[in-house]
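1. Provided below for reference: sequence and predicted model.
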Amino acid sequence: MKRTAVNPWDWSQQLGYNQAELIQGASRQLNCAGQTSVNEKGQPQHSGDMRAQISVALNNLEAVLKAADMGLKDITKLVIYTTDVDEAMKHFDLLGARFGAAQVAAPMTLLGVARLALPELMFEIEAIAAQ
């Protein structure tokens, strides 16, 4: 098995993890770290605005997929973490619009958590993609 780090930016490497790893062997699989509402330097964006945070997290997930020559259509599993399940679900139309356009209905888990890695963050999306 061959593992290749995929990092469209380098801030996470300073924290000891890759944004994703491309796994090659019998199949091609990408394991994505949880993507949140941070900029290219890892700085939180849109504190207190769930809708904006979901949008940025999805943009970041798509950037990681693109860096591995993949897209939303390749996602095989999603795990979503949020500090407010009810508020996050009010904005799931954002997920529906993106994944619907890609014709993806990947298995998903939604978990409510006390907090995420940085206190300003309210939403995190983790994915596995394969080709």
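-> Good, I have the coordinates. Just so it is clear, the model here is predicted, and its values are computed rather than measured.

2. and the longest helix along the chain, what's its mean pLDDT?
-> Using DSSP state H, we find that the single longest helix of the chain is helix 50-67. In this model, helix 50-67 has a mean pLDDT of 98.

3. And the next helix or strand past that helix?
-> strand 75-82 (DSSP states H and E).

4. in that next one, what's buried?
-> If you call a residue buried by 16 or more other C-beta atoms under 10 Å, then strand 75-82 has these buried ones: Ile75, Leu78, Val79, Ile80, Tyr81, Thr82. (Glycine included, C-beta is placed from N, CA and C.)

5. Which strands or helices does the very next helix or strand once past that strand pack on?
-> Per DSSP H and E, strand 75-82 leads on to helix 85-90 as the next helix or strand towards the C-terminus. Applying 3 or more C-beta pairs under 8 Å, 6 or more residues apart in numbering; DSSP states H and E, one finds that helix 85-90 makes contact with helix 50-67, strand 108-112.

6. which residues of this structure score low on pLDDT?
-> Low-confidence segments of the chain (pLDDT under 70): 1, 26.

7. Quickly name whichever of the buried residues of strand 75-82 is closest to Lys41.
-> Out of the buried residues of strand 75-82, the one with the shortest distance to Lys41 is Tyr81. That distance is 21.7 Å, counting by C-beta to C-beta.

8. sorry, back to before: let's have the buried residues of strand 75-82 in JSON lines, adding distance to Gln43.
-> Formatted as JSON lines, the entries for those read as follows, by distance: C-beta to C-beta, whole Å:
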{"residue": "Ile75", "distance to Gln43": "26"}
{"residue": "Leu78", "distance to Gln43": "24"}
{"residue": "Val79", "distance to Gln43": "23"}
{"residue": "Ile80", "distance to Gln43": "22"}
{"residue": "Tyr81", "distance to Gln43": "19"}
{"residue": "Thr82", "distance to Gln43": "20"}
